[in-house]
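> mind folding the following:
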Amino acid sequence: MARRLSLDARIGARTPADVLLKDLGQDGAASIRDTYRRTAGTVLLLERTAADLTTLAREEGFEAVFLKGLALQLTGVSAIGSRGIGDIDLLLPSRKLASYEKRLTNLGWRVTDQPDHEHQTPPIVSPHGVMVELHDRILGTRPAATAQSFRYEDLLKSGLARSAGTFQGLVPVDSVLFAHLVVHGIAQHGGSPGSYPLFRLVADVADVLDARGRGSFEGVFGLIERDVSREEFDALLELVERLCAGNWKAGLTPQAKAILDHFIAGTLDSEYRDALRLSFDTIPTDQPAWLQRAESVWRAVVLTRGQIDSIYGPPDGNLGYLGRQVWRPLDLLGRLWRYWNKGRAIRRRTTRRVEVRIPGTPPLPENGPGKTGLA
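Down below sits the predicted model:
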């Protein structure tokens, strides 16, 4: 369960070995500690890769700016080994994206056959298997509600980037870094919890509160108010504060409990997760909403070969790719029908308990995370 919620490494980093052994037994403790050690090893590899990326950026005439998970790690907000980091998010000047990517490919990096997005190029993978996403903006994080997302030039001109401590490179100042974490989790992935572990956002906010205090979130909402509601922002902070204080079981506001229920059901309830696929809410974008929706539909229907491989498995030859592309629209219609029926089934049941029991323990309280209201 800890692994499904993306909390196993965090538990391993925060919990003494003797306590893990007492609570989980030898096998459970060994599994948690192994995840923690492997996560720490991965982070060290990412930091070494980040140092190489910084050197290359300086050769290109600019300073690299690291975002999200690695930025938390480099600034000491997240303890090493406590947070899984799937890739390196690197913000570059727009005019340098093509030349920087070319330098990487000349060094043996491989551009993946995945679609690009308005804020980033297709992911690129190092010879050691480290994936890097090259961004030209911090999507959804804006100086004002009506403005475009921060670009590299905006950060440096406004003094919103700072040194990553002893590490060579830059990170956004705390307000921009934390705003990006929230808008990425709530607005970009909140409606598709299968694409990103949402309890990682909870843990990130907890780390920020632990390292910087609640005052670090002053001014953050103003940077994301176009894509995240005030109600969502306040409910997330309330939930994390109550979880950290250990008194979350009673008295959560309906808004905070709704976020908790959504995060849990989005992880544990496959029917709920599938029903969410019928939501057509826009994700953060600097484009007109209609254009963003049109591009989303196009990307869902017209796939790259890499997407076909990951969704359906590699076919035999070019005709196989053509056949699966022709089949794709019909497959999507079938999926939409199944998702719609799952949504109907969810709406017919007022509540459903999503509960994990450890033998010998009492049931979860009625207002605990096991009782999930699925609306």
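> contacts, neighbours, all on C-alpha from now
Fine.
> do a quick rundown of the strands in the stretch 251-375 of the chain.
352-353, 371-372 (DSSP state E, counting those that start in this stretch).
> let me fix that, I meant to ask about the stretch 101-250 of the chain.
For the stretch 101-250 of the chain, the strands defined by DSSP E, counting those that start in this stretch occupy 110-111, 124-125, 131-135, 137-138, 150-151, 161-163, 170-172.
> what helices or strands is the third one leaning on?
Counting contacts by 3 or more CA pairs under 8 Å, 6 or more residues apart in numbering; DSSP states H and E, strand 131-135 packs against strand 88-91, strand 124-125.
> weakest of the strands of the stretch 251-375 of the chain in terms of mean pLDDT?
Among the strands of the stretch 251-375 of the chain, strand 371-372 carries the lowest mean pLDDT, at a mean of 36.
> for Asn307, give me its contacts.
Actually, residue 307 is Gln rather than Asn. Taking CA atoms under 8 Å, 6 or more residues apart in numbering, we find Gln307 in contact with Asp113, Gln114.
> repeat that for 10 Å
Counting by CA atoms under 10 Å, 6 or more residues apart in numbering, Gln307 touches Thr112, Asp113, Gln114, Pro115, Ala300, Gly313, Pro314.
> give me the distance between it and Gly76.
Gln307 sits 35 Å away from Gly76, going by CA to CA, to the nearest Å.
> now the helices for the stretch 151-300 of the chain?
Along the stretch 151-300 of the chain, counting by DSSP state H, counting those that start in this stretch, helices occupy 152-157, 174-182, 198-212, 221-224, 230-245, 254-268, 270-275, 289-301.
> so can I have CSV of those helices showing mean pLDDT, distance to Leu134 and mean neighbour count?
Listed next are the helices of the stretch 151-300 of the chain as CSV, based on pLDDT from 0 to 100; distance: least, CA to CA, whole Å; neighbours: other CA atoms under 10 Å:
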stretch, mean pLDDT, distance to Leu134, mean neighbour count
helix 152-157, 93, 12, 16
helix 174-182, 94, 15, 22
helix 198-212, 92, 21, 19
helix 221-224, 94, 21, 23
helix 230-245, 92, 27, 17
helix 254-268, 90, 28, 21
helix 270-275, 82, 29, 19
helix 289-301, 80, 19, 13
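> so which of the helices and strands packed on strand 131-135 is the most packed in?
Each of the helices and strands packed on strand 131-135 was scored by mean neighbour count; the highest is strand 88-91, a mean of 24, by mean count of other CA atoms under 10 Å.
> contacts only, for Val302.
Going by CA under 10 Å, 6+ apart, Val302 touches Ile308, Gln325, Val326, Arg328, Pro329.
> any idea how far Gly320 is from Val326?
For Val326, the distance to Gly320 - CA to CA - is 10 Å.
> and Gly61, which of the three is it?
coil (DSSP: H, G, I helix; E, B strand; the rest coil).
> quick check: it touching Arg95?
No - at 11.5 Å, Gly61 and Arg95 do not qualify as touching, with contact defined as CA atoms under 10 Å.
> low pLDDT regions in the chain?
When residues are selected by pLDDT under 70, those of the chain lie in 166-167, 278-282, 343-375.
> grab the most central residue of it for me.
Tyr196 (4.6 Å; CA atoms, centre = their mean).
> give me the spatial nearest neighbour of that one, chain neighbours excluded.
His189 (6.3 Å; CA to CA, 6 or more residues apart in numbering).
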